[in-house]
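*Asks:* Following is a predicted model, sequence given first.
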Amino acid sequence: MENPITAQHGLKYDLKNAHDELKRLRHKHGGIYLIHQPVYLCVDPEVCKLILTKDFQYFGGRGASFDYKKNPLGQHLFNLEGEAWRNMRVKLTPTFTSGKMKQMFDTLLDCGIPMLERIDELVQQKKSLDIKEIVGCYTTDVIGSCAFGLECNSFKDPKSEFRKNGRILLSARPIFTIAIFLRFVMPSILKKIPVKFIPQDIEDFFVGAIKSVIDHRSSNNVYRNDFVQILLDMQEKSKADGQEPMTVMEIAAQSFVFFIAGFETSSTTMSFCLHELAFNQDVQDKLRNEIKKTMQENDGKLTYDGVMGMKYLDGVVNETLRKYPPLPMLFRKCDRDYTLKDTNTTLEAGTNVFISILGLHYDEEYYPNPEKFVPERFMDENKHSRPQYTHLPFGEGPRNCIGSRFGLMQTKTGLAMILNKFRVLPGPGETYKINFNPKITIMTKKGDLLLMAENL
């Protein structure tokens, strides 16, 4: 790669303030080094379009080495590369149609009832809401039911296995952070070190849960409209077509990543959204009016079409995802030599590519006054005035987040249920500025996020 920008050229990266650094890097476009590994840092939306979509054949992988013998639950869509990824993507794409989402919608409403009851209980007691924990229980119950067909009961049993293991997996574990770093910069060393990304007891729990569900359904002729059933139907179709069916471990791996990605990304988005609404009461009032009007038009009920058709709710959620994207950066790897269009810069095969989502989302050229929460940025009259690939909370192109439709449905439904019943306010000691935890890959607040609520 020509003319890399190294630390000696002024590009320093402070891991303690990683998220602020990624915002700052919006003005740094070019090459950097991670130890000895060259990395191309991209914050130009036109180049992002080439890498993520137009010239995807050069950047099909994420550039991370992974040993599936040591980590069998890691053989899921997010990690797979090459032909294995393409085959799995084709198999899973029909899983997330709007029709499939509608089938799961009532489950979201059922899981939201205990959430509303918990909030009401705290309101009556005049206690603050640990909103990260509350919406985390909600999304755990939703994903547990939709992915595994199991009732997690996180509100009744805070020590439930799904909730407990979810907390552990998303906690800041030093060995995990080191292993992630080595996957990108020294994969040869990682191959020699027997690192398990997922603790054995948690792996045993999730694999055991899937096996138990499969055995129960086959023995009792049980059919449910959930993610596991879709995978089982795909397995049967493959057998009927004379194709290689998914193994139980592959089913477990896809269910596992659906659980991890689904419960945490949606819960953090809901948390940050409610935080913004607590500090922006005018936005909250406008959104609540839309929710109530939509419900009145649907006999006082929340429906799938009603939730997904609310334009201001869509703007609120997208603005939240702009300020707080679940992943602050996208990773790709150049599979073969590639010359950037209209430049003399050639990325050599094996070069890692980092796309700074935060850099794009906080660029004043696309989002004036980027620290301000302005849902109107995503109204039809405004969002089409920006270049494509300046809003990438779910990535773009063939490797975008396959579950984004489900995540948005879950997030919007939970928010609509809460805001229809309660007004949220800043909690004691809470400040508007969020301090992020730099030790966790997904953007999350350091410490609790406390709100107050009032019955309407």
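*Replies:* All right, it came through fine. A quick note: this is a predicted structure, and the numbers were derived from the prediction, not measured.

*Asks:* hey, which helix is longest across this structure?
*Replies:* When the chain is parsed with DSSP state H, its longest helix is helix 248-279.

*Asks:* and the next element down the chain from that helix?
*Replies:* helix 281-296 (DSSP states H and E).

*Asks:* quick check: mean pLDDT across that next one?
*Replies:* The average pLDDT for helix 281-296 rounds to 98.

*Asks:* what comes into contact with it?
*Replies:* With C-beta atoms under 8 Å, 6 or more residues apart in numbering as the contact definition, helix 281-296 has outside contacts at 276-278, 301-302, 306-307, 309-313, 316, 373, 375, 416, 419-420, 423-424, 456. All C-beta spots, glycine's among them, are computed from the backbone N, C-alpha and C.

*Asks:* re earlier: got the angle between the longest helix of the chain and helix 281-296?
*Replies:* Interaxial angle, helix 248-279 versus helix 281-296 (axes from the mean of the first three to the mean of the last three C-alpha atoms, to 10 degrees): 120 degrees.

*Asks:* how much space between the residue nearest to the spatial centre of the chain and Lys126?
*Replies:* With distances taken as C-alpha atoms, centre = their mean, the residue of the chain nearest its centroid is Thr265 (3.9 Å). Noted for Thr265: a distance of 31 Å to Lys126, by C-beta to C-beta, to the nearest Å.

*Asks:* Ok, Val257 next?
*Replies:* Remark: distance between Val257 and Lys126 (C-beta to C-beta) = 40 Å.

*Asks:* With neighbour numbers in mind, choose between those two.
*Replies:* More crowded of Val257 and Lys126, by other C-beta atoms under 10 Å: Val257, with 20 against 7.

*Asks:* Hmm, the more buried one is touching Leu80, no?
*Replies:* No - contact between Val257 and Leu80 fails when scored by C-beta atoms under 8 Å: they sit 10.2 Å apart.

*Asks:* quick one: the helices in the stretch 301-450 of the chain?
*Replies:* With DSSP state H, counting those that start in this stretch as the criterion, the stretch 301-450 of the chain has helices at 304-308, 311-323, 357-361, 380-383, 404-421.

*Asks:* Now do the shortest one: everything it contacts.
*Replies:* By C-beta under 8 Å, 6+ apart, the surrounding residues in contact with helix 380-383 are 311, 376-377, 391.

*Asks:* Output these in JSON lines; the columns should cover neighbour count and pLDDT.
*Replies:* Shown next, in JSON lines, are those (neighbours: other C-beta atoms under 10 Å; pLDDT from 0 to 100):
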{"residue": "Lys311", "neighbour count": "12", "pLDDT": "97"}
{"residue": "Glu376", "neighbour count": "14", "pLDDT": "97"}
{"residue": "Arg377", "neighbour count": "20", "pLDDT": "97"}
{"residue": "His391", "neighbour count": "23", "pLDDT": "97"}
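
*Asks:* Name the nearest of those relative to Ile168.
*Replies:* Distance to Ile168, by C-beta to C-beta, is smallest for His391 among these, at 32.0 Å.

*Asks:* what residues are up against that closest one?
*Replies:* Applying C-beta under 8 Å, 6+ apart to His391 gives the contacts 318, 321-322, 360-361, 378, 383.

*Asks:* Also Met104?
*Replies:* Here Met104 is in contact with 146, 225-226, 406, 409 (C-beta under 8 Å, 6+ apart).

*Asks:* from those, which has minimum pLDDT?
*Replies:* Of all the contacts of Met104, Asn225 has the smallest pLDDT value, namely 74.

*Asks:* so where's the stretch 151-300 of the chain shaky on pLDDT?
*Replies:* Per-residue confidence of the stretch 151-300 of the chain (counting by pLDDT under 70) places the weak regions at 170-196.

*Asks:* Can you show me the strands along the chain?
*Replies:* Here the chain has its strands, by DSSP state E, at 30-34, 37-42, 129-130, 329-333, 338-339, 346-347, 352-356, 422-426, 450-455.

*Asks:* Which other helices and strands does the fifth one contact?
*Replies:* Applying 3 or more C-beta pairs under 8 Å, 6 or more residues apart in numbering; DSSP states H and E, one finds that strand 338-339 makes contact with strand 346-347.

*Asks:* Next: the fourth one.
*Replies:* In terms of contacts (3+ C-beta pairs under 8 Å, 6+ apart), strand 329-333 is packed against strand 352-356, helix 357-361.
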